[in-house]
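Q: sequence and predicted structure below; questions after.
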Amino acid sequence: MDVKLYKKTGVDLSFTAPPSKSYSHRALICAALADGPSEILSPLFSDDISITCRGLSALGVELSRSDGSILVEGTGGVFPDMGEVTIDCGNSGTSLRFLTTLSLLSPSDVLLTGSRRMMERPIGGLADAIMQSGGVIRYFGEEGCPPLRISGEFIGGKVVVDASKSSQFISSLMLCGPYSDIPLEIMPKGSVASRSYIDITADVMKSFGADVVLNTDGCWEIKQGTYSSGKYHVEGDYSSASYLFATAAVCGGSVTVNNLNPASVQGDFRFLEALLCMGCSISYGESSVRVVSEGILKGIEIDMSSCPDVVQTLAAVCVFAKTRSIISGISHLKYKESDRIDAVRRMVEGCGAGFEEAGDDTIIITPGDLHGFELHPEDDHRTAMSGAVIGLGTGDVTIKDAECVSKSYPGFWDDLMEAGLLEEWF
Ligand SMILES: O=C(O)C1=C[C@@H](OP(=O)(O)O)[C@@H](O)[C@H](O)C1
Ligand SMILES: C=C(OP(=O)(O)O)C(=O)O
């Protein structure tokens with residue numbers, strides 16, 4: 001499916017943010033490990049969440065979908081022997097990384113694989129940590145990337161993790177931490193990518209009753225125990241909301257997004273700070289955020305190391321700024337569903353703005369004569385949705401193979417259509 005965007009000005013719109021992908025993955029894992037049945041209320045229903053559900057079910061966890069929720073029969077951390085299990089994680093890095101440590105708790109031999117792109121996404125930092133803690137890893141393709149087979153046990157103790165390419169390595173270990181043989185201590189080696197996602201992990205674990213402490217030396221300590229089952233409500237997704245906020249910024253006008261927690265620990269909250277610095281005004285309701293813009297934007301200089309998923313959205317807004325923008329802390333964007341630094345370059349140059357790389361960590365976006373173009377998102381949902389933002393600002397932008405948004409925000413095009421922002425798909 002292709003979609004075509006036309007220029008819009010002076011919008012006055014209201015949306016409901018879809019449920020958080022990150023919270024949904026974590027809630028499912030915690031519920032699968034909990035001591036009884038749990039109900040995940042208003043989880044995200046998307047490709048990636050289906051992958052985590054299918055993965056859990058392949059490991060012997062019983063899950064069922066009821067209206068607007070997912071029921072999970074907790075295993076208490078004791079999984080049935082399912083023999084040799086293969087789990088295809090498609091394009092979902094979070095599923096693959098989280099299921100890697102979980103597989104250690106299962107008596108089954110688990111092979112984790114995925115899409116062609118997944119074979120290029122790193123897992124070495126997590127695999128090395130697992131091997132320090134009783135796990136046995138065998139790679140079937142390139143060393144340090146899926147497919148990989150996991151066997152052995154999860155002893156725990158102090159593990160040193162190189163999480164410079166992905167925070168998901170730490171989150172994966174943390175989520176299973178309460179179930180290791182001896183208490184788990186996770187010591188990051190060097191810098192940690194996308195750090196804010198670890199706060200989401202700790203937040204969900206605590207809601208399921210776990211004891212997680214970040215020591216002053218930067219080491220995460222997880223006490224042994226069992227997650228408490230129960231009802232868990234998933235909050236709205238700030239990454240998905242970023243495309244809606246960005247619409248107000250580039251078109252001018254106002255956009256309110258409901259179903260958002262103003263006190264959220266989601267790092268993508270930072271996108272709002274960026275919009276504020278660029279000249280938008282932001283106001284918060286009890287469970288909503290409103291962005292108002294006069295359509296006049298100034299460039300920004302910002303470190304996005306903790307919030308990689310809104311870099312493409314920010315770049316889409318920066319092309320409309322009157323002055324240049326410098327976005328740093330983004331070297332790990334090349335390990336995502338696509339090489340997102342290159343994706344940003346294609347978007348920015350495609351619409352006529354200037355793009356420059358300064359080392360492997362920083363990009364510079366400069367104003368240009370903007371025009372429409374055709375964008376191939378290369379199966380990256382965030383490129384497709386950010387391209388739509390540019391299209392609403394410039395007009396005449398076609399997004400090819402636009403159905404890839406189903407990874408995180410399946411209703412994106414419908415939401416734009418309902419808001420009167422999209423007339424054509426073909
Ligand atoms: O833990 C998570 O839910 C995520 C962590 C981030 O990945 P990295 O830590 O690999 O950067 C983010 O990009 C991804 O969309 C979701
Ligand atoms: C990088 C992303 O997800 P994942 O790592 O789960 O594939 C994303 O949603 O932008």
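A: Sure, I can see it. Ligands and ions are numbered 1, 2, ... in the order given.
Q: please count neighbours and contacts with C-alpha atoms only from this point.
A: Fine.
Q: contacts for the helix or strand containing Glu349, please.
A: For Glu349, the element it lies in under DSSP states H and E is helix 340-350. By CA atoms under 8 Å, 6 or more residues apart in numbering, the residues outside helix 340-350 that reach it are 312, 315-316, 319, 330-331, 333-334, 354-355, 365, 372-375, 377, 383, 387.
Q: can you flag which of those belong to helices?
A: Those of those mapping onto helices are Gln312, Ala315, Ala316, Thr383, Gly387, per DSSP state H.
Q: as CSV, those residues with pLDDT would be great.
A: Formatted as CSV, the ones in helices among the contacts of helix 340-350 follow (pLDDT from 0 to 100):
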residue, pLDDT
Gln312, 98
Ala315, 98
Ala316, 98
Thr383, 98
Gly387, 98
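Q: top of these by neighbour count?
A: Tallying neighbours with other CA atoms under 10 Å puts Gly387 at the head of these, with 33 neighbours.
Q: wait, doesn't it sit right on Ile399?
A: Yes. Between Gly387 and Ile399 there is a contact under CA atoms under 8 Å: 6.9 Å.
Q: need the overlap of contacts for the two.
A: By CA under 8 Å, 6+ apart, the residues touching both Gly387 and Ile399 are Leu375.
Q: from Met119, how far out is Glu142?
A: Between Glu142 and Met119 the distance is 8 Å, computed by CA to CA, to the nearest Å.
Q: which of those two has more residues huddled nearby?
A: Met119 (20 against 12).
Q: in strands, which of the contacts of helix 340-350 fall?
A: Assigned to strands by DSSP state E, the following of the contacts of helix 340-350 qualify: Gly354, Phe355, Ile365, Phe373, Glu374, Leu375.
Q: my guess is the fourth one contacts Cys351. True?
A: Pointing back at Phe373 there. Yes. Here Phe373 lies in contact with Cys351, judged by CA under 8 Å, at a distance of 6.0 Å.
Q: quick one: name the residues of this protein near ligand 1.
A: Ser22, Thr94, Ser166, Ser167, Gln168, Ala193, Ser194, Tyr197, Pro308, Asp309 (CA under 6 Å from any ligand atom).
Q: next, the first one: secondary structure please.
A: Secondary structure, DSSP: H, G, I helix; E, B strand; the rest coil: Ser22 is helix.
Q: contacting residues for it?
A: Applying CA under 8 Å, 6+ apart, the residues near Ser22 are Tyr197, Ile200.
Q: quick one: it and Asp12, what's the gap?
A: Taking CA to CA, one finds Ser22 at 29 Å from Asp12.
Q: for Cys251, same thing?
A: Taking CA to CA, one finds Cys251 at 10 Å from Asp12.
Q: those two: which has the busier surroundings?
A: Cys251 (26 against 14).
Q: where does that one land on pLDDT?
A: pLDDT, Cys251: 98.
Q: ok, it - contacts?
A: Lys7, Lys8, Thr9, Gly10, Val11, Gly295, Leu392, Gly393.
Q: and for Tyr23, the neighbour number?
A: Tyr23 has 22 nearby residues by other CA under 10 Å.
Q: distance of the nearest residue to it once chain neighbours are set aside relative to ligand 2?
A: Once flanking residues are discounted, Tyr23 sits nearest to Val234: 6.2 Å by CA to CA, 6 or more residues apart in numbering. For Val234, the distance to ligand 2 equals 16 Å [CA to the nearest ligand atom, to the nearest Å].
Q: check whether the one helix or strand Ser240 maps to contacts ligand 2.
A: According to DSSP H and E, Ser240 maps onto helix 238-251. No. Counting by CA under 6 Å from any ligand atom, ligand 2 is not contacted by helix 238-251; separation bottoms out at 8.4 Å.
Q: what's around Arg65, how many residues?
A: Arg65 is flanked by 12 other residues according to other CA under 10 Å.
Q: can you pull the pLDDT of the residue of the stretch 101-250 of the chain found nearest ligand 2?
A: Across the stretch 101-250 of the chain, the shortest distance to ligand 2 (CA to the nearest ligand atom) belongs to Gln168, at 7.8 Å. Here the pLDDT value assigned to Gln168 is 98.
Q: count of neighbours near Leu44?
A: Around Leu44 there are 28 residues (other CA under 10 Å).
Q: ok so it is a helix residue?
A: No. If the criterion is three-state DSSP, then Leu44 is coil and not within a helix.
Q: contact partners for the residue nearest to it when sequence neighbours are not counted?
A: Nearest residue to Leu44, sequence neighbours excluded (CA to CA, 6+ apart): Pro19, at 4.8 Å. Neighbouring residues of Pro19 by CA under 8 Å, 6+ apart: Ser42, Pro43, Leu44, Val234, Glu235, Gly236, Asp237.
Q: and those, which two are the farthest apart?
A: Ser42 and Asp237 (11.8 Å; CA to CA).
Q: how about the residues of the chain by ligand 2?
A: Asn91, Ser92, Gly93, Thr94, Asp309, Lys336, Glu337.
Q: most widely separated two among those residues?
A: Asn91 and Asp309 (15.0 Å).
Q: unless I'm mixing things up, Leu5 is touching Gly391, no?
A: Yes. Leu5 is within contact range of Gly391, at 5.1 Å (criterion: CA under 8 Å).
Q: who has more neighbours, these two?
A: Per other CA under 10 Å, whichever of Leu5 and Gly391 has more neighbours is Gly391, with 29 against 25.
Q: quick revisit: which one of Ser42 and Asp237 is surrounded by more residues?
A: Legend: neighbour count by other CA under 10 Å for Ser42 and Asp237, higher for Asp237 (27 against 19).
Q: residues contacting that one?
A: Ala17, Pro18, Pro19, Ser20, Lys21, Leu260 are the contacts of Asp237 under CA under 8 Å, 6+ apart.
Q: rerun at 7 Å
A: Going by CA atoms under 7 Å, 6 or more residues apart in numbering, Asp237 touches Ala17, Pro18, Pro19, Ser20, Lys21.
Q: now the third one: how far from ligand 2?
A: Taking CA to the nearest ligand atom as the measure, Pro19 and ligand 2 are separated by 13 Å.
Q: one more: the second one?
A: When distances are taken as CA to the nearest ligand atom, Pro18 and ligand 2 turn out to be 13 Å apart.
Q: torsion angles phi and psi at that residue?
A: Backbone torsions of Pro18, given as degrees, to the nearest 10, read phi -70, psi 160.
Q: wait, it touches Tyr238, no?
A: No. The pair Pro18 / Tyr238 is not scored as a contact, 8.9 Å apart, by CA atoms under 7 Å.
Q: the two: who's more crowded?
A: Taking other CA under 10 Å, Pro18 and Tyr238 do not tie; Tyr238 has more neighbours (30 against 27).
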